[in-house]
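**Student:** Have a look; sequence and predicted model below, questions after that.
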Amino acid sequence: MIYPTRTAVLLAALGAPLGLLLALAGGQFWLLGLAWVAAVAAALVVDGLMGVGPLSAEIGLEAPETWFLGRPSPVEVTVRFAGRAPPWLELALETGERLKVEQATVRAQTQGREARASFALEPLRRGEGEIRTLWARWTGPLGLTFRQRREAVGAAAPIVLDIQAVKEAAGRLASMSLLTGSHLQFELGGASEFHALVDYRPGMNRRMIDWKQSARHRALLAKEFEAERNHHIVLAIDAGRQMCEPVRGRPRVDRALQAGLLLAFGALKAGDRVGLYAFDEKPRLWTGALGGPGAFPALQRLASRIDYRSAETNYTLGLVQLGAHLQRRSLVVIFTEFTDSTTAELMIEHIGRLMKTHLVVFVVSEDEELEALEQGEIHRPSDVTKAVMAGALSAERELVASKLRRMGVDILRADFDGLGPALLARYAEIKQRDRL
């Protein structure tokens, strides 16, 4: 299609006042106004015919295979022309609601029949990031018309949580702990499988010295142990309404997933297998226990499918179905949030059933907003109401934690920023004590 530019419209509109002024001057001069409009129209036709056709353009687009939440990434666009090329192009992208284009249009110069442009796109929410359409347009040689090309892209890629910085910290922690596989010093009663006898070196735990073998070989020998592998770790994520509410600008479920994926990174590195389970009013996702080099990227992609929902959590259906999936003893890490005692009692009942076979870690995140309401200054009657309600909710949370602790559930308390490292450290402790 050929469209007039703003310059062409202004030139054509100039013919009306020009014709009016000439008509007031008298005679047949008003015809010059019509001639002006006709001349502009003829120039439009000439410019359109001389311009580069849209079918001669070949459009290519390079987008990331995975988007990381909160991290802008570039999308590279290349337009190649088979014959003549315009001196410049104007490009625009249309995306889905989960991606934000930082710059609406980009102007690119053509060099050697090719134009390149880069768009910075920022993922806004987990899910599927979609680039729908690319628009390209350029003007004719006279600048009076422009040609437009609409290219349906249809490129989609998962938007996952960006845990690179935390993963690097986990790697440093893992290099100093049980997660790297074999280590020489355990706490008394620590968990491991005997690996080999090695020469005793300064700094080793003296309790690891094998005195009988040392006497036989007339050299001081110590036992080296290797951490047991191939345990099953299950991340049970509540994706109901309460977990999808934001805290400090981010939904609770995103924070839970970030901590869970950090644990998955450490557990996979230690040789264990990790599964992801999500539920709200009904089960939404079960990955099975994954292991091997490609397990962590797969878990990241699958986690992006956990959507934000407004449904209330059904603990009965969710936890019963989880128990049916687990065929061997596993470490089950539960991320959830509750507000009423009835829901909490149902949750406690079904966690108790899981405890008969599995080791359960229940994550209790420190809610700074709730504490601020409870301990805040009182200026208005509404502040009293908020403080009382916050205090009641805090007491309810503490009561539930106490009941779970008496049942033998491992309670993990941490603030949102330190939740991932704290969970990874608790996992290492469980491995060391051979609680699985």
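**Tutor:** Okay, I see it. This one's a predicted model, so the numbers in the text were calculated from it and none came from an experiment.

**Student:** Where do the domain boundaries of this protein fall?
**Tutor:** If you go by automatic domain parsing, the domain ranges for the chain are 2-50, 54-160, 182-226, 232-432.

**Student:** among the ones you listed, which gets the worst mean confidence?
**Tutor:** Of all the domains of the chain, domain 182-226 carries the lowest average pLDDT, namely a mean of 66.

**Student:** What residues sit buried inside stretch 39-54?
**Tutor:** V40, A43, L44, D47, G48, G51, V52, P54 (16 or more other C-beta atoms under 10 Å). Bear in mind the C-beta positions are built from the backbone N, C-alpha and C, glycine included.

**Student:** What of stretch 427-436?
**Tutor:** So for stretch 427-436, counting by 16+ other C-beta under 10 Å, buried means Y427, A428, I430, K431, Q432, L436.

**Student:** mind checking the end-to-end distance for it?
**Tutor:** Terminal residues of stretch 427-436 lie 10 Å apart, using C-alpha to C-alpha, to the nearest Å.

**Student:** ok, the longest strand seen in the chain: who's next to it in the sheet?
**Tutor:** Looking across the chain with DSSP state E, the single longest strand is strand 145-160. Note on strand 145-160: by DSSP bridges, its sheet partners are strand 2-4 (antiparallel), strand 67-68 (parallel), strand 127-139 (antiparallel).

**Student:** quick one, helices of the stretch 51-200 of the chain?
**Tutor:** 164-175 (DSSP state H, counting those that start in this stretch).

**Student:** one step back: export the longest strand of the chain as PDB, just CAs?
**Tutor:** Output of strand 145-160 as PDB, limited to C-alpha atoms (Å, rounded to 0.1, in the frame of the first residue of the first chain):
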ATOM      1  CA  THR A 145       4.600   8.900   0.000                       C
ATOM      2  CA  PHE A 146       5.700   6.000   2.100                       C
ATOM      3  CA  ARG A 147       5.400   2.300   1.600                       C
ATOM      4  CA  GLN A 148       4.500   0.000   4.500                       C
ATOM      5  CA  ARG A 149       5.300  -3.700   5.200                       C
ATOM      6  CA  ARG A 150       3.500  -5.700   7.900                       C
ATOM      7  CA  GLU A 151       5.200  -8.900   8.800                       C
ATOM      8  CA  ALA A 152       3.500 -11.400  11.100                       C
ATOM      9  CA  VAL A 153       6.300 -12.700  13.400                       C
ATOM     10  CA  GLY A 154       4.600 -15.000  15.900                       C
ATOM     11  CA  ALA A 155       7.800 -15.600  17.900                       C
ATOM     12  CA  ALA A 156       7.100 -16.800  21.400                       C
ATOM     13  CA  ALA A 157       9.500 -17.800  24.200                       C
ATOM     14  CA  PRO A 158       9.100 -18.500  27.900                       C
ATOM     15  CA  ILE A 159       9.600 -15.700  30.500                       C
ATOM     16  CA  VAL A 160      11.500 -17.200  33.400                       C
END
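
**Student:** on that earlier part again, among the buried residues of stretch 427-436, which are located in helices?
**Tutor:** With helices taken from DSSP state H, the overlap with these comprises Y427, A428, I430, K431, Q432.

**Student:** List just the nearest of the buried residues of stretch 427-436 to D417.
**Tutor:** Of all those, the one with the least separation from D417 (C-beta to C-beta) is Y427, at 18.2 Å.

**Student:** if we can go back for a sec, tell me the one of the ones in helices among the buried residues of stretch 427-436 nearest Q213?
**Tutor:** Among these, Q432 lies closest to Q213 (C-beta to C-beta), at 23.8 Å.

**Student:** OK, contacts around L91?
**Tutor:** Listed by C-beta atoms under 8 Å, 6 or more residues apart in numbering, the contact partners of L91 are V77, V79, T105, V106, R107, A108, A117, F119, L134, W135, A136.

**Student:** and the third one, what is it in contact with?
**Tutor:** By C-beta under 8 Å, 6+ apart, the contact list for T105 reads E90, L91, A92.

**Student:** Switch the residues you listed over to CSV; also include distance to L10.
**Tutor:** Formatted as CSV, the contacts of T105 follow (distance: C-beta to C-beta, whole Å):
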residue, distance to L10
E90, 19
L91, 24
A92, 23
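
**Student:** top helix in this structure by residue count?
**Tutor:** helix 381-407.

**Student:** Figure out how far that one is from the centre of its chain.
**Tutor:** Put simply, helix 381-407 sits 31 Å off its chain's centre (C-alpha atoms, centre = their mean, to the nearest Å).

**Student:** The next helix or strand after it pairs with which strands?
**Tutor:** Heading C-terminal from helix 381-407, the first helix or strand you meet, by DSSP states H and E, is strand 410-415. As defined by DSSP bridges, the strand partners of strand 410-415 come to strand 359-366 (parallel).

**Student:** what's the strand it pairs with in contact with?
**Tutor:** With contact meaning C-beta under 8 Å, 6+ apart, strand 359-366 is reached by 252, 255-256, 259, 329-337, 351, 354, 397, 401, 404, 409-416, 419, 423, 426, 430, 435-436.

**Student:** where along the stretch 201-350 of the chain do the strands fall?
**Tutor:** Under the criterion DSSP state E, counting those that start in this stretch, the stretch 201-350 of the chain contains strands at 221-226, 232-238, 246-247, 250-251, 273-279, 283-286, 330-335.

**Student:** which stretch among those comes nearest Q164?
**Tutor:** Nearest to Q164, of all these, is strand 250-251, at 16.6 Å by C-beta to C-beta.

**Student:** ok, L14 - how many residues close by?
**Tutor:** Using other C-beta atoms under 10 Å, L14 is surrounded by 14 other residues.

**Student:** residues in contact with R126?
**Tutor:** Residues in contact with R126, defined by C-beta under 8 Å, 6+ apart, are L69, R98, I159, V160, L161, D254, L257, A303, S304, I306, D307.

**Student:** next one: G51
**Tutor:** If you count contacts by C-beta under 8 Å, 6+ apart, G51 has them with I2, P86, W138, T139, G140, P141, T145, F146, R147.

**Student:** So among those residues, which ones count as buried?
**Tutor:** For those, buried by 16+ other C-beta under 10 Å: I2, P86, W138, T139, G140, T145, F146, R147.

**Student:** Just send those back as CSV, with distance to V9 too.
**Tutor:** Formatted as CSV, the buried ones among the contacts of G51 follow (distance: C-beta to C-beta, whole Å):
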residue, distance to V9
I2, 14
P86, 20
W138, 18
T139, 13
G140, 15
T145, 11
F146, 12
R147, 17
